[in-house]
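**Student:** sequence first, then the predicted structure:
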Amino acid sequence: MAAVDGMRNVTRAATDGASVRGASVRMAESKSAAMIADRIRAKIDAGCAALLAASLVLLAGCADDRSTQPRLAASVAERGAACNTTPNSGCPPCPACPPSAQKPQPAASATLTPASFTDLPNWRDDDHAAALVAFQRGCRALERRAAWRSACTQAANVAVDRHSAQAFFESQFQVFRVASSDGATSGLVTGYYEPILRGSRKRSGAFAHPVYAAPDDLISVELAGSQPEVAGLRLRGRLEGRRLVPYHTRGDIDQGKAPLQGKELVFIDDPIELFFLHVQGSGRVRLESGEMVRVGYADQNGHPYRSIGRSLIDRGELLPEQASMQGIQAWARANPGRVAELLSQNPSYIFFREVPTSEAPPDTGPQGSLGVPLTAGRSMAVDARSVPLGAPVYLATTYPNTSRALERLMVAQDTGSAIRGAVRGDFYWGSGPEAGREAGRMRQQGRMWVLLPRDYTPGNDTRTP
């Protein structure tokens, strides 16, 4: 669920300001503002390219760089260059730069140490057949990659039973323990889910909160090219006359200031439930007729995520241990007249699309970053800079808020903007309220081992015709 400023563990998103899973603005460190300008000149008037490029970086979010906030802030030097305007240049001035001492986060660095299946706690007790089904589903995306072709070909012919599945994984894969660059083998494991909301195709007193498609005036510039410093950098804004300015914030959108008439997909009955749909990045809406509609991430307004849970903690209205999804929902029920003001503290806003059943059938999970439907209890999100998407991952952690072991073979089929670091996972619990309760409480420590094809070599994980 390439979600996105949106989709990931609700507790983390609510309390730590994490963005939602797999389609977020990713700010790559640039060697200089001029380098970014070079990439924009072909798209924007050359006379103002440098200033506009810097402005775009700023309006995309001057987001802070924390372990739970993956957007990489522009470097201090880059910000300084952005604010050095040339007198009488005729170009619009840059937005003001907030002071920041944050430095860009380097690419995730993982150490993969050879291990064996006997190193995996309770390996023999797992239901390997359930993991095999998830892996087979992922092969729809992996089978054209040279490094995975043989394993996927073999997987297609394996009987779906525990013994056969275990034998398949042991014969086709080699085990590597995942560690961060500092040698740590334990990291944070959170959870996420697909919410189910109540909605209608028509606005009414009961269903008054719209799920919007992406607006026509949202400008998105993706800087692609040979320079790794700018590859994958996406910048968003809107035109105001001849000036490129930040897009409307959540508060502005909720007040009707954005041109979104006609962009309503469905209308939801509860604004706080709609907010958590934004956090997760995708979900299902049960209409009054009984029809179930699935919506998925389409775009984002370019503003950084700000935690409403953190806001409630800072105000003294919730204790840190209360700022879970359930705690925030309870606060909203008790303070209905203050919900709009609370939600406006987070300027980030997610736009959606209606997902056709041909892409994600009703009996499957939402589509993850790998491009295949997720499997409840067997799919997980990882930092793809450290763990290849599609790879089986053995996860050793505990159930939410307990010491009871949760040890099983997962498949890395999703990413998330808050999932950053070598030993970092996000457990997909499934759809609906029960999955939401587990996801909202999950914030555990865990260890990870990645299973790679026996002939896997770095750089060989590419698509072939």
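**Tutor:** Done, it's in.
**Student:** what's the closest non-adjacent residue to residue 449?
**Tutor:** Excluding its sequence neighbours, the residue lying closest to residue 449 (C-beta to C-beta, 6 or more residues apart in numbering) is residue 394, at 4.3 Å. (Glycine included, C-beta is placed from N, CA and C.)
**Student:** cool, residue 250 as well?
**Tutor:** residue 349 is the one closest to residue 250 (C-beta to C-beta, 6+ apart), at 4.6 Å.
**Student:** ditto for residue 447
**Tutor:** Closest to residue 447 by C-beta to C-beta, 6+ apart is residue 396, at 4.6 Å.
**Student:** the one you found contacts residue 121, correct?
**Tutor:** Yes. Between residue 396 and residue 121 a contact is recorded at 5.1 Å, counting by C-beta atoms under 8 Å.
**Student:** find residues that contact each of the two.
**Tutor:** Contact criterion C-beta atoms under 8 Å, 6 or more residues apart in numbering; residues shared by residue 396 and residue 121: 405, 407.
**Student:** which of the two has more neighbours?
**Tutor:** residue 396 (19 against 12; other C-beta atoms under 10 Å).
**Student:** and the more buried one, what does it touch?
**Tutor:** Going by C-beta under 8 Å, 6+ apart, the list of residues near residue 396 reads 120-121, 405-407, 446-448.
**Student:** beyond the strand or helix carrying residue 331, next helix or strand please.
**Tutor:** Residue 331 belongs to helix 325-334 when assigned by DSSP states H and E. Using DSSP H and E, the helix or strand that follows helix 325-334 in sequence is helix 339-343.
**Student:** buried residues in that following helix, which are they?
**Tutor:** 339, 342-343 (16 or more other C-beta atoms under 10 Å).
**Student:** need the residues that contact that helix.
**Tutor:** By C-beta under 8 Å, 6+ apart, helix 339-343 touches 250-251, 254, 271-272, 275, 308, 311-312, 332, 335.
**Student:** can you do 10 Å?
**Tutor:** 250-251, 254-255, 270-272, 274-275, 278, 308-309, 311-312, 315, 317, 328, 331-333, 335, 349 (C-beta atoms under 10 Å, 6 or more residues apart in numbering).
**Student:** drop anything exposed from these.
**Tutor:** So, by 16+ other C-beta under 10 Å, the buried ones in the contacts of helix 339-343 are 250-251, 254, 270-272, 274-275, 278, 308-309, 311-312, 328, 331-332, 349.
**Student:** list the buried residues for the longest helix seen in the chain?
**Tutor:** Criterion DSSP state H: the longest helix present in the chain is helix 128-142. By neighbour count with 16+ other C-beta under 10 Å, helix 128-142 contains the buried residues 128-139, 141-142.
**Student:** then stretch 363-376?
**Tutor:** Across stretch 363-376, burial judged by 16+ other C-beta under 10 Å covers 364-370, 372-376.
**Student:** go through those and name the one nearest residue 171.
**Tutor:** Proximity of these to residue 171 (C-beta to C-beta) peaks at residue 375, which lies at 22.3 Å.
**Student:** so who does the closest one touch?
**Tutor:** 130-131, 133-135, 137-138, 364-365, 368, 410-411, 413, 428, 430.
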